[in-house]
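*Asks:* I'd like to go over a predicted model; first the sequence, then the structure.
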Amino acid sequence: MRRYLVSRFAFMVVTVYAIATILFFLLRVAPGDPTSRFVNEALPREDILALRAAWGLEDALHVQYLRYLRNLTLLEFGTSFTLREPVAPVLFDRIFNSVLLLTPALVLMTVLGVILGAAAGWRRGSRYEQTIVFVSLLGRGMPTFFIGMLVLMLFAYQRQWLPAGGMTAPGELPGRVEMLMSLDFWKRMILPGVTIIATGIYGPMLLMRTSIIEVLGEDFLEVLKAKGLPGWRIAVHAARNAMLPVITSTAVTFAFIIDGQVIVEQIFSWPGAGRLIVQSMLDRDYPVLQAAFFLVAVSVVVANLIADLLYGYLDPRVRYD
């Protein structure tokens, strides 16, 4: 296990820095200039060059790259070009908002998807399974923005049961604790949360159904039946073995909490990391984009490592050689 963890950690470091390198050069070759938002034709070129020099954009490309790698190693993300604030507090504040929205929705989505999918696979050929498959295929064909706009129109504008968007009411700036204790905040989480669940539950549902169907042909289930175990105990053992592919999918899904649900956050005006990334791409705000995607890369490789370790816990046949 120690040798496995050391090798995986080394691979993770190489992977993250490879992604960071690709991102660095993609941003530099993309059309557009970070200074375009702050300058006009009347501004002297000397002032434009001074602004670029202050941001370090006039240095040679290899100098910018080495400085970029050094800063990532030290976890120094620099200052945002457009916000004129350090990137770390701004980004982590938005990530916190995304986590508040996405974590409950993703947990509920995964739990419901696994339970409904396992029941469909266990009752193969029944009307219940046919209904699950039909609803899943129909739901997967609907784009996120369509479901979000439908939910918004029905429950916020027509029925007016719930707020249309935002984390707080317009003009209110409560503290973190005060906001979390507010009933209005939790009401505002319902519609975007429902949208996330309605667009993402079909993946774990279908994956769990397929895994259960594959496990049903295994010999160990016949042995459990021969021992006289009740049906629910056999179903638990089958679900535990069928969870292996679901774990990988779930781990990667949770890893992308950092970049938020861009479309959902846009529709419901949720000030999360997804909206920040979109705006930073429009503004060519390199420090924010580099920090955000670096954290996404780290979260994905860590999530895959956790998934691999869970494999060994759920399936004793898995060995780390």
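*Replies:* That came through, no problem.
*Asks:* which helices and strands does the top helix by length along the chain pack with?
*Replies:* For the chain, the helix with the greatest residue count under DSSP state H is helix 87-122. In terms of contacts (3 or more Cβ pairs under 8 Å, 6 or more residues apart in numbering; DSSP states H and E), helix 87-122 is packed against helix 127-140, helix 183-200, helix 202-215, helix 231-255, helix 262-267, helix 273-283, helix 286-314. (C-beta placed from N, C-alpha, C; glycine too.)
*Asks:* and the helix or strand following the third one, which residues are buried?
*Replies:* The C-terminal neighbour of helix 202-215 among helices and strands, as given by DSSP states H and E, is helix 219-226. Neighbour-count burial for helix 219-226, counted by 16 or more other Cβ atoms under 10 Å, picks out 221, 224.
*Asks:* also stretch 133-153?
*Replies:* The neighbour-count criterion (16+ other Cβ under 10 Å) identifies 133, 136, 139, 144, 147-148, 151-152 as the buried residues of stretch 133-153.
*Asks:* which members of those residues are the farthest-apart pair?
*Replies:* Set against one another by Cβ to Cβ, those have their most distant pair in Val133 and Leu152, with a gap of 28.2 Å.
*Asks:* ok, Pro86 touching Leu75?
*Replies:* No - using Cβ atoms under 8 Å, Pro86 and Leu75 do not qualify as a contacting pair, with a distance of 11.9 Å.
*Asks:* okay, the two: which has more neighbours?
*Replies:* Per other Cβ atoms under 10 Å, whichever of Pro86 and Leu75 has more neighbours is Pro86, with 14 against 10.
*Asks:* mind listing what the more buried one touches?
*Replies:* By Cβ atoms under 8 Å, 6 or more residues apart in numbering, the contact set of Pro86 is 77-80.
*Asks:* re earlier: between the buried residues of stretch 133-153, which is nearest Pro34?
*Replies:* The shortest approach to Pro34 among the buried residues of stretch 133-153 belongs to Thr144, at 29.6 Å (Cβ to Cβ).
*Asks:* could you list every residue that touches the closest one?
*Replies:* Shown in contact with Thr144 (Cβ under 8 Å, 6+ apart): 195, 199, 261, 263-264.
*Asks:* can you check Pro192 too?
*Replies:* Under the criterion of Cβ under 8 Å, 6+ apart, the contact partners of Pro192 comprise 101, 105, 148, 165, 261, 264-265, 267-268, 270.
*Asks:* let's go with 10 Å and repeat that
*Replies:* Contact analysis of Pro192 by Cβ atoms under 10 Å, 6 or more residues apart in numbering lists 101-102, 105, 148, 151-152, 165, 261, 264-265, 267-270, 272.
*Asks:* can you say which of these are buried?
*Replies:* Restricting the contacts of Pro192 to buried positions leaves 101-102, 105, 148, 151-152, 165, 261, 264-265, 267-268, 270, 272, with burial counted as 16+ other Cβ under 10 Å.
*Asks:* poorly predicted segments of the stretch 101-250 of the chain, please.
*Replies:* Under the criterion of pLDDT under 70, the regions of the stretch 101-250 of the chain flagged as low confidence span 171-174.
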